[in-house]
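Enquirer: Here is the input, now give the coordinates:
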Amino acid sequence: MESSTQAGGFPEVELAHLRVPARRSLIPGIALFVREVAVAQGYSEAEASGLELGTEELCSNVVAHAYEGDETARYEVTLVLETDTFVVAIEDQGVPFDPKKMTGTGKLGMTLARAFADDVRFLYRGRRGKRVELRKQRVFAALPEPAGEEDKPEPVPAEEQLTVRLMTPEDAPELTRCVWRVFGYSYPNDDLYEPERLAERLRTGVWQCAVAVRESGEILGHISLVFSAPGDRVPESDNAIVAPHARGHRLLERMKTFLAEHGKTAGLAGIFSEAVTAHAISQKTNVRMGAVETGLLFGYLPKSLVFKGIDVPERVREAARVGAMIYYLPVTAGAKRRIYAPALHERILREIFARVKLEREIVTTAGDAPGGLPEFTVKEETDWGIGTIEAHVYGAEWAAHLRAHVEELCRRGMAFIALNLPLAEAYTPQASAEAEALGFFFCGVVPEKLASGDVLRLQYWNGFAVAADSVETASEWGAKVLEYVAGEKGGRRQEAGAKNGRG
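Expert: Purely as a prediction, here's the structure:
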């Protein structure tokens, strides 16, 4: 795109901001106000009523527990419209989050609030207090399911000339048809079935996409670059799709090459992607382009994901969940950095960074944890059964806070939990050891993902198991990554645990 994500992307409109005393008598009025604002923004009566009830539960939780009965204290309620999502954000600077009491405090209220939203996010910000976000996406109309023989096109001839270009908002309806031909309605991402929502993501720059198009206008393939925030220099290459009747034209490779060239112009550092391991097709595309396996999300995706026209081995079909290999494709030269890494994983990390041609000075001795309280962001993707915990600041009782968040995500039904740790922070070797003592195991790295540099990723399984032979790989190095990650889950880290941590 001509414009970057900093120019007009990620619009956020503050609709209202309330600073209210922590009195129970005020809660119904606040909740009713939220309802009326949601209706004014085009949400249905049922959706607005759900937001009203969810707000009431969250405010009740603050009044009951945050200020220990002090009715003169105040908390804040902010209503925000983010692209296509209505957000009710409730912030307080009351009693700090106590991981030992999390299992009992507000559990029912949080469960009820979760029932009225598409997502509930928790931001634990140390001395700045706590923030809970109740998030509700606007419902857009999905295209009806294609039906009839006329919707089963003939294979695209080998000699046909196909164009790869940037996607426009006007392409959205046609792309939804391509998605259906690949996945039916099994793909757990509503963005790709609702043209209006998809068009909005393109207009705001949250997504920048490449499409492969026939002269007739039919879209045969798609890849999106998904930016997590303004200024994100390592977007995720996601939603890679090629229609069954267009396979054999190397469209994935052509689209990804197109986006890499586009990324150079936009000043990106690199592109990371998560290629499914149910088959090796998209992995082979990454390898041919020069992308490097930097980790494996082992048991990452639900097995309900359907792949039309792809022969998936029986051992893969029978697995509890589907894996995804992490790839990193450098776009521009990276900076030399010092990172603080677990001694247990030093060897594999050195090889990963050497393969992506990034110079790293690796320190394995952990520094002391900062004072104060830790800061986290906790997210849920309920359709996928995935929870994500991002550590922003380490602090007192870091491991106890982490344990509480893991237990809460497990109670809410998240099967797979990812933990992201900043490798630029000196405490990360010890934090990684503490996380692994809770049951996390090595996943990999995403280079240059943060302003400070690289992310170390660990992973956690909640009540399922996946065999290593259910993972298809596309290269000798990919097979070594699988062997290493499977070995970590298999208990190798306990044998070598004494080498980890403070060194």
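Enquirer: how many neighbours does the closest residue to V213 other than its chain neighbours have?
Expert: Of all residues not flanking V213 in the chain, T163 sits nearest, at 5.0 Å (Cβ to Cβ, 6 or more residues apart in numbering). Bear in mind the C-beta positions are built from the backbone N, C-alpha and C, glycine included. By other Cβ atoms under 10 Å, 11 other residues sit near T163.
Enquirer: Next one: T163 relative to T285, how far apart?
Expert: Per Cβ to Cβ, to the nearest Å, T163 is found 18 Å from T285.
Enquirer: Same question for K136.
Expert: In terms of Cβ to Cβ, K136 sits 36 Å off from T285.
Enquirer: before we move on, back to that, who are the contact partners of the residue nearest to V213?
Expert: Contacts of T163 were listed using Cβ atoms under 8 Å, 6 or more residues apart in numbering, and they are A212, V213, R214, E215.
Enquirer: And the strands in the stretch 1-150 of the chain, which stretches?
Expert: Counting by DSSP state E, counting those that start in this stretch, one finds strands in the stretch 1-150 of the chain at the ranges 12-21, 74-82, 85-92, 119-125, 130-137.
Enquirer: same deal with the stretch 201-350 of the chain?
Expert: Applying DSSP E, counting those that start in this stretch to the stretch 201-350 of the chain gives strands spanning 207-213, 219-226, 236-242, 270-276, 292-302, 321-330, 337-340.
Enquirer: any chance of these in CSV, plus distance to K489?
Expert: Below are the strands of the stretch 201-350 of the chain laid out as CSV (distance: least, Cβ to Cβ, whole Å):
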stretch, distance to K489
strand 207-213, 33
strand 219-226, 28
strand 236-242, 24
strand 270-276, 18
strand 292-302, 6
strand 321-330, 11
strand 337-340, 23
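Enquirer: TSV please, covering those strands and showing mean pLDDT.
Expert: TSV is the format used below for those (pLDDT from 0 to 100):
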stretch	mean pLDDT
strand 207-213	96
strand 219-226	95
strand 236-242	90
strand 270-276	93
strand 292-302	94
strand 321-330	94
strand 337-340	97
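Enquirer: Output the ones you listed in CSV; the columns should cover mean neighbour count and distance to G413.
Expert: Shown next, in CSV, are the strands of the stretch 201-350 of the chain (neighbours: other Cβ atoms under 10 Å; distance: least, Cβ to Cβ, whole Å):
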stretch, mean neighbour count, distance to G413
strand 207-213, 23, 28
strand 219-226, 25, 24
strand 236-242, 22, 23
strand 270-276, 24, 21
strand 292-302, 24, 12
strand 321-330, 26, 14
strand 337-340, 20, 34
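Enquirer: So which of those is nearest V95?
Expert: Nearest to V95, of all these, is strand 337-340, at 31.8 Å by Cβ to Cβ.
Enquirer: Give me the helices and strands touching that closest one, please.
Expert: The contact analysis (3 or more Cβ pairs under 8 Å, 6 or more residues apart in numbering; DSSP states H and E) places strand 337-340 against strand 360-363, strand 453-461.
Enquirer: one more time with 6 Å, if that's ok
Expert: strand 360-363 (3 or more Cβ pairs under 6 Å, 6 or more residues apart in numbering; DSSP states H and E).
Enquirer: Any idea which of the strands of the stretch 201-350 of the chain gets closest to S60?
Expert: Smallest distance to S60 across those (Cβ to Cβ): 33.2 Å, for strand 292-302.
Enquirer: Send me the closest one as CSV with only the CA atoms.
Expert: The C-alpha coordinates for strand 292-302 follow below in CSV (Å, rounded to 0.1, in the frame of the first residue of the first chain):
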residue,chain,number,x,y,z
VAL,A,292,13.5,-20.1,8.1
GLU,A,293,11.7,-22.2,10.7
THR,A,294,12.2,-20.5,14.1
GLY,A,295,9.8,-22.6,16.1
LEU,A,296,6.9,-25.0,16.3
LEU,A,297,3.5,-24.3,17.8
PHE,A,298,2.9,-28.0,18.7
GLY,A,299,-0.9,-28.8,19.0
TYR,A,300,-1.8,-25.2,18.2
LEU,A,301,-5.0,-25.3,16.2
PRO,A,302,-8.3,-27.2,16.5
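Enquirer: contacting residues around that strand?
Expert: With contacts defined as Cβ atoms under 6 Å, 6 or more residues apart in numbering, strand 292-302 is touched by 321-326, 328, 352, 355-356, 385, 416, 443-445, 457, 461, 466, 477-478, 481-482, 485.
Enquirer: Show me the helices in the stretch 1-150 of the chain, by range?
Expert: With DSSP state H, counting those that start in this stretch, the ranges of helices along the stretch 1-150 of the chain come out as 27-40, 45-65, 107-115.
Enquirer: nope, the stretch 151-300 of the chain is what I was after
Expert: Assigned by DSSP H, counting those that start in this stretch, the helices in the stretch 151-300 of the chain fall at 172-183, 195-204, 251-266, 281-289.
Enquirer: TSV for those, including mean neighbour count, mean pLDDT and distance to A333?
Expert: Shown next, in TSV, are these (neighbours: other Cβ atoms under 10 Å; pLDDT from 0 to 100; distance: least, Cβ to Cβ, whole Å):
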stretch	mean neighbour count	mean pLDDT	distance to A333
helix 172-183	20	88	34
helix 195-204	20	88	29
helix 251-266	19	92	11
helix 281-289	21	89	17
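Enquirer: Let me have these in TSV, extended by distance to G50.
Expert: Output for the helices of the stretch 151-300 of the chain, formatted as TSV (distance: least, Cβ to Cβ, whole Å):
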stretch	distance to G50
helix 172-183	26
helix 195-204	19
helix 251-266	38
helix 281-289	37
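Enquirer: Great, nothing more from me.
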